[in-house]
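*Asks:* Sequence unavailable; structure follows:
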Ligand SMILES: Cc1cc2nc3c(=O)[nH]c(=O)nc-3n(C[C@H](O)[C@H](O)[C@H](O)COP(=O)(O)OP(=O)(O)OC[C@H]3O[C@@H](n4cnc5c(N)ncnc54)[C@H](O)[C@@H]3O)c2cc1C
């Protein structure tokens, strides 16, 4: 059995973590601050995390590096309509922006089974491509 994954970066200070992670100055602190502001009220209007898991983040922080991982993939992401138009946070289509596949919150977001990804990507990818070409 594989050991549980470990965070690549750990620390109490977000500014120091930003440097270690080589992300733009202030980016991580701003993200955590925005998330925490809503989490203290028990909701996550940005990423729509399910309420039972919404808790403010407090130090020490642990950051997992998921780049290059092949043992898993995202099952959530951009919201689209059935024709691949990407929706903004208010549910309005963003003109000219289309997406399909694992970058979107497609069929797999509701539960995963083999075939969901290829079916999702090809079926909705075709629809998104046709919509973009039609536009
Ligand atoms: C070993 C393995 C087995 C799998 N088996 C199954 C299975 O049996 N059934 C199933 O449903 N799914 C399976 N999957 C998952 C499935 O293959 C993927 O989830 C699916 O291919 C994702 O499709 P996608 O179009 O979202 O992304 P991708 O197929 O990753 O397509 C993204 C494309 O964007 C391109 N790209 C990236 N960056 C840029 C850029 N900056 N500019 C332009 N192009 C860019 C990439 O080159 C790539 O062609 C398997 C995956 C793996 C690795």
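*Replies:* Looks like it came in fine. Bear in mind that the values here come from a model prediction, so they are computed numbers and not experimental data.
*Asks:* and the residue nearest the centre of the chain, what pLDDT?
*Replies:* The centre of the chain sits closest to residue 77, judged by CA atoms, centre = their mean, with a distance of 4.7 Å. For residue 77, the pLDDT comes out at 87.
*Asks:* Next: residue 117.
*Replies:* The model reports residue 117 with a pLDDT of 91.
*Asks:* so which helix or strand takes in it?
*Replies:* helix 116-134 (DSSP states H and E).
*Asks:* Check whether that helix comes near the ligand.
*Replies:* Yes: for a cut-off given as CB under 6 Å from any ligand atom, helix 116-134 has contacts with the ligand, namely 116-118, 121. Quick note: C-beta positions are derived from backbone N, CA and C, even for glycine.
*Asks:* In ChimeraX, select just the buried ones from those residues.
*Replies:* For the buried members of the residues of helix 116-134 next to the ligand, the matching ChimeraX selection, counting by 16 or more other CB atoms under 10 Å, is:
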select :116,117,121
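*Asks:* so how far is the ligand from the closest residue to residue 96 other than its chain neighbours?
*Replies:* In space, residue 96 comes closest to residue 135 once its chain neighbours are excluded; the distance is 6.9 Å by CB to CB, 6 or more residues apart in numbering. Between residue 135 and the ligand the computed distance is 20 Å (CB to the nearest ligand atom, to the nearest Å).
*Asks:* How about residue 22?
*Replies:* Residue 22 sits at a distance of 19 Å from the ligand (criterion: CB to the nearest ligand atom).
*Asks:* tell me the domain ranges of the protein?
*Replies:* Listed domain ranges for the chain are 9-63, 85-134 (source: automatic domain parsing).
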